[in-house]
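**Student:** The following comprises the amino acid sequence and a computationally predicted model.
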Amino acid sequence: MHATGTGMVQHRHSWRHSPEEEAARRRWQHPESILEGIGLAPGGTFVDVGCGDGFFALPAARIVGPHGRVCGIDIDAGALDLLREKARSGGFDNVLLHQGMAEEIVLCDGCADVVFFGIDLHDFVDPVQVLANAKRMALDTGVIVDVDWKKEPLPLGPPPAKKFSTEHAASLMAEAGLEVRTVAESGPYHYIITAVPGR
């Protein structure tokens, strides 16, 4: 999904889910519960960095409602096309999509209630830059949220060497000028870290 090294790697299977794959994923990861748990509310602005085909973005669009907005960023044009079609068929006109590298995109200064990384922070070429961009996009009262794979052998996901430990992810957030507030488990395979813009 994101650039790695000197080449571009498209994690297409991971980020374009068939209905069967999405139903299977929902057995071990419930996006609505995660989004409500981080305080996403009607009228909010949600920035989904590495949104893929919308596993989190579409539930977020339902939660924020017609007076809120969801902004998705992804390098994969095909995944964005699929998300755009899902949003259209679902009647969501509050979803705005942007193609490109998250290292290079800042959609706004201080507009987002939530800037969200859904199982992808480990994929970026420069995660500190991506997190610094997230800090710029977040409101002073906003949160930056990283949901990612536990760094251990699991039946799903990338090998442990590819994953970030909670300590490493938190250190990247601190390097980007964020203040980590909570670190917790999120289901059987993931952790969730919440941070706020550093003062």
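**Tutor:** That came through fine.
**Student:** When you work out contacts or count neighbours from here on, use the C-alpha atoms and nothing else.
**Tutor:** OK.
**Student:** can I assume Ala184 sits in a strand?
**Tutor:** Yes: using DSSP: H, G, I helix; E, B strand; the rest coil, the secondary structure at Ala184 is a strand.
**Student:** Make 27 the starting number, not 1.
**Tutor:** Okay, residue one is now 27; in that scheme the one you just asked about reads as Ala210.
**Student:** Give me the number of neighbouring residues for it.
**Tutor:** As a burial measure, Ala210 scores 12 neighbours (other C-alpha atoms under 10 Å).
**Student:** Identify the residues contacting it.
**Tutor:** Counting by C-alpha atoms under 8 Å, 6 or more residues apart in numbering, Ala210 touches Tyr217, Ile218, Ile219.
**Student:** ok, now Ile218?
**Tutor:** For Ile218, the contact set (C-alpha under 8 Å, 6+ apart) comprises Val171, Asp172, Val173, Asp174, Thr208, Val209, Ala210, Glu211, Ser212.
**Student:** again, but for Lys188
**Tutor:** With C-alpha under 8 Å, 6+ apart, Lys188 has these contacts: His148.
**Student:** what bits of this structure have low per-residue confidence?
**Tutor:** Flagging of the chain using pLDDT under 70 yields the residue ranges 27-46.
**Student:** Show me the residue sitting in the middle of it in space.
**Tutor:** Phe143 (2.4 Å; C-alpha atoms, centre = their mean).
**Student:** contacting residues around Gly70?
**Tutor:** Residues counted as contacts of Gly70 (C-alpha under 8 Å, 6+ apart) are Val90, His93, Gly94, Arg95, Ala138, Asp139.
**Student:** Dump those residues to JSON lines, plus distance to Ala113.
**Tutor:** JSON lines is the format used below for the contacts of Gly70 (distance: C-alpha to C-alpha, whole Å):
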{"residue": "Val90", "distance to Ala113": "14"}
{"residue": "His93", "distance to Ala113": "16"}
{"residue": "Gly94", "distance to Ala113": "14"}
{"residue": "Arg95", "distance to Ala113": "12"}
{"residue": "Ala138", "distance to Ala113": "20"}
{"residue": "Asp139", "distance to Ala113": "21"}
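**Student:** Buried subset of those residues as a ChimeraX selection?
**Tutor:** In ChimeraX, a selection of the buried entries from the contacts of Gly70 looks like this (16 or more other C-alpha atoms under 10 Å):
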select :90,94,95,138,139
